[in-house]
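*Asks:* Have a look at this prediction, sequence included:
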Amino acid sequence: MIIASNFKTNHTRQSTALFVNEVNDYIKKNNISSEVFVFPTATSLDSFEVVSNFSIGAQNAYPIVTGSFTGEIGTSQLDEFGIKTILIGHSERRHILGETQNKIAKKYDFYKELGYKIIYCIGEPLEVKNKGLDQTLEYIYEQFNEIDTKYENLILAYEPVWAIGTGVTATNDDIENIHRAIKEKFPKPLLYGGSVKVENVREICQIPNVDGALIGTASWKTEDFIQILENTKDL
Ligand SMILES: O=C[C@H](O)COP(=O)(O)O
């Protein structure tokens, strides 16, 4: 399984370090074989010493080494901490921060050329979901425009926008149908994200074509994230 925690705009430098160290200890002591990712805020990135199946990634970065892009970070800031994993295409960046598909594709190409592991997010808003499965898939496929889906270090994450941070998880049938369709077209590891919780993570991770979960809200307390890892460790 692949289990990822996206901190979004939560946690401080200090609480991130406590979280990462506790999770690392748990993974080590319990021989957890899942691939685990944590995406802290940019200000909380650091040179954490973690086991090989645990990676710290960037929630976002600009496609540049260094330059004049106020408020952004580039690869020289990521290199300082050995960060080689990045989230691209998250719905909050698409819909709240206005990243277009073209900009996302440029960022994707830049980080692909550098060999980063990319967790690439796709997902539809409620008004699209309400039009039915065909239109939902059509919308999702457009989010692959100009994206090299054959890239070896690519992990996909299907996150319906209406399920993110709302407490409303997609139904198992919805997840199964969408994951089957995406997987047929793009055979890459595929995570589900959107109100995954301690209580439902195991069931969701057992749906066919679900290779893990990308979790926000329910992953921010150390004990909850550890419980999520515990609930999925044998899958
Ligand atoms: O990146 C994570 C997703 O946006 C899911 O967030 P959530 O678990 O709070 O719904």
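*Replies:* That came through fine. Note that this is a predicted model, so its numbers are computed, not measured.
*Asks:* Excluding chain neighbours, what is closest to Ala61?
*Replies:* Across the structure, with C-beta to C-beta, 6 or more residues apart in numbering as the measure, the residue nearest Ala61 apart from its sequence neighbours is Ile73 (5.2 Å). The C-beta positions use only the backbone N, C-alpha and C, and glycine is treated the same way.
*Asks:* what residues are up against that neighbour?
*Replies:* Contact criterion C-beta atoms under 8 Å, 6 or more residues apart in numbering gives 42, 58, 61-62 as the residues in contact with Ile73.
*Asks:* From these, keep the buried residues only.
*Replies:* A residue is treated as buried here by neighbour count (16 or more other C-beta atoms under 10 Å); on that basis the buried members of these are 42, 58, 61-62.
*Asks:* Helix, strand, or coil at the residue nearest to Ala61?
*Replies:* Here Ile73 is coil, with the state taken from DSSP: H, G, I helix; E, B strand; the rest coil.
*Asks:* now it: how far from the ligand?
*Replies:* Relative to the ligand, Ile73 is positioned 19 Å away (criterion: C-beta to the nearest ligand atom, to the nearest Å).
*Asks:* Now that residue, what are its backbone angles?
*Replies:* Recorded main-chain torsions at Ile73 are phi -120, psi 160, according to degrees, to the nearest 10.
*Asks:* Which other helices and strands does the lengthiest helix in the chain contact?
*Replies:* Residue-count comparison of every helix in the chain, with assignments taken from DSSP state H, identifies helix 13-29 as the longest. With contacts defined as 3 or more C-beta pairs under 8 Å, 6 or more residues apart in numbering; DSSP states H and E, the packing partners of helix 13-29 are strand 35-39, strand 54-56, helix 222-232.
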